[in-house]
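Trainee: One predicted model, sequence on top.
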Amino acid sequence: LPVPGGNLPFDVLYDEPTRLYWLASNRIVDSMSRPDRLPDARRGLPAHERHGIELHVSRNLVDWSFAGLVADGAPGNHVLHSPALAIRGPDLCILCQAGDEACRNPMESNLITARVIPGFRELIAPPAPTAPRQA
């Protein structure tokens, strides 16, 4: 199944109160570039972008809706990847591997970053009321 940013490590978490799946994955914005024209800071396939983490939501693990940009890295060797999700009360906690200018290359990580999205369930619109079926 297609998963936004699913070409790199991602995390999916089921939230029982909302009965929704939450996905944290790498932000992909430039996957159609020719590999031979990528800057030195980008290695591998064009879709292997490691500069931002996005949040998506789904009711069925097939149809994903964008819920927000969690983190956006700086250019160069600054990287963010491999997010992990956890729910703590009303908040969504996100850990991800990161790298700064001390990294030798964009594939290396030397940091773990943490982000908290307070009241994350408020990012979604309430479901539309369904009309009764007519026979």
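Mentor: Thanks, I have it.

Trainee: residue contacts, the closest residue to Pro9 other than its chain neighbours?
Mentor: The shortest distance from Pro9 to any non-neighbouring residue, by C-beta to C-beta, 6 or more residues apart in numbering, is to Ser82 (4.3 Å). Just so you know, the C-beta spots here come from the backbone N, C-alpha and C atoms, and that holds for glycine as well. By C-beta atoms under 8 Å, 6 or more residues apart in numbering, Ser82 lies in contact with Leu8, Pro9, Cys96, Gln97, Ser109.

Trainee: please redo it, this time with the cut-off set to 10 Å
Mentor: With contact taken as C-beta atoms under 10 Å, 6 or more residues apart in numbering, Ser82 is in contact with 8-11, 24-26, 50, 53, 95-98, 109, 112.

Trainee: Among these, which are located in strands?
Mentor: Using DSSP state E, the members of the contacts of Ser82 that fall in strands are Asp11, Ala24, Ser25, Asn26, Ile53, Leu95, Cys96, Gln97, Ala98, Ile112.
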